[in-house]
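**Student:** Model the structure of this input:
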Amino acid sequence: MASASADLPDDVATLQALLIAARAQSAAHLLMIEKLKAQLAKLRRMQFGQSSEKLDAAILQLELALEDVEEGTATRTVLERAVMPAAPDARQHPVRRPLPDHLPREEVIHWPVGIASGDLGCGCLACGGQLRRLGQDETEVLERVTLFKVVRHIRPKIVCRVCEAIVQAPMPSLPIERGRPGPGLLAHVLVAKYADHLPLYRQSEIDAREGVDLDRSTLADWVGSAAALLTPLAEAIGRHAMAGPALHADDTPVPVLAPGFGKTATGRLWVYVRDERPHAGDAAPAVLYRYTPDRKGIRPQGHLQGFAGYLH
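**Tutor:** Model prediction:
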């Protein structure tokens, strides 16, 4: 911040004019942020009422524009504070939601200089008087630590000295038989791929920065094995969705690579939603996805075979 303030003019009048202009610009950007949020909320409401890839693209563009404006506003705020810092007695009370209670807490105690680990018997540095604890200030900072770790499963072998019988605890069940990923790592790979749209080759590059060599083909094997492992759960969700009195259905075109042809084909992703919450229903909401290589009518007919409710 020192380099940012080095090029500023020295006279007070010019500095005040710059500050007024910056605050006016910040006000305009705050107005722009509220306008973009309103437009974004409107588009999101429309998203549930109609199917349009253009609408999804417009929402994405608004999200990006909103991020740019908010980032610019934060940058200007920091620069303004460097030019004219707040008075020592000025108290700012930002509106912040409390940090979730379920997160683990790590306490770091910062003792004053000359007091080691809370030892108050050393005396005051100013006059040598006896010290006593007055209270404390607490500040919670949200941090994120994502680290790989190796879990070593050690199973001691115990032998009887009389009959020489050997006993040993069985190996705990793993998601992939004779595989190396633990359940947490496997869940992270799946969420990053399907929820965060992070391809496996990019995940491999991210892992390499942490010194962990995981080839894309290895991650692909994990994902395929997990898909087979989760098939019963997906089928159970599908049965629950199809058992409802009403379904909301739609299909979305999906570009699919066509190896050998040098182009992409268009597949279809069918979505079947059961959600009775708007009508005070007690059933849990559920979404069933089905992929087909085309849009033939026999595809949804097969999916909806056995469904006897209303279809939207």
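
**Student:** contacts and neighbour counts: CA atoms only from here.
**Tutor:** Noted.

**Student:** Where does the prediction get shaky in the stretch 151-300 of the chain?
**Tutor:** 258-262 (pLDDT under 70).

**Student:** The stretch 1-150 of the chain now?
**Tutor:** Across the stretch 1-150 of the chain, the ranges flagged by pLDDT under 70 are 1-27, 29, 44-54, 58-60, 62, 64-95, 116-118, 121.

**Student:** go again using 90 as the cut-off
**Tutor:** Residues of the stretch 1-150 of the chain that meet the criterion pLDDT under 90 lie in 1-101, 103-104, 106-147.

**Student:** does Ala38 count as helix, strand or coil?
**Tutor:** helix (DSSP: H, G, I helix; E, B strand; the rest coil).

**Student:** For Leu311, grab the count of nearby residues.
**Tutor:** Residues within reach of Leu311, counting by other Cα atoms under 10 Å, total 13.

**Student:** In contact with it, which residues are there?
**Tutor:** Residues near Leu311 by Cα atoms under 8 Å, 6 or more residues apart in numbering: 246-249.

**Student:** of those, buried ones?
**Tutor:** Those of the contacts of Leu311 that meet the buried threshold are 246-247, 249, by 16 or more other Cα atoms under 10 Å.

**Student:** Can you add distance to Trp270 and give the residues you listed back as TSV?
**Tutor:** Output for those, formatted as TSV (distance: Cα to Cα, whole Å):
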residue	distance to Trp270
Ala246	16
Leu247	12
Ala249	7
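
**Student:** Would you mind measuring from the most centrally placed residue in the chain to Leu190?
**Tutor:** Nearest to the mean C-alpha position of the chain, by Cα atoms, centre = their mean, lies Asp196 at 7.6 Å. Distance of Asp196 to Leu190, given as Cα to Cα, to the nearest Å: 9 Å.

**Student:** got the domain boundaries for this protein?
**Tutor:** The record's domain parsing of the chain by the TED database lists 105-168, 244-311.

**Student:** for those domains, which one ends up most surrounded?
**Tutor:** Counting by mean count of other Cα atoms under 10 Å, domain 244-311 has the highest mean neighbour count of these, with a mean of 14.

**Student:** Figure out how far it is from the centre of its chain.
**Tutor:** How far domain 244-311 lies from its chain's middle: 26 Å, per Cα atoms, centre = their mean, to the nearest Å.

**Student:** what do you get for stretch 162-175?
**Tutor:** Offset of stretch 162-175 from its chain centre (Cα atoms, centre = their mean): 40 Å.

**Student:** Straight-line length of it, end to end?
**Tutor:** Taking Cα to Cα, the first and last residues of stretch 162-175 lie 38 Å apart.

**Student:** Check stretch 191-203 too.
**Tutor:** By Cα to Cα, one end of stretch 191-203 lies 11 Å from the other end.
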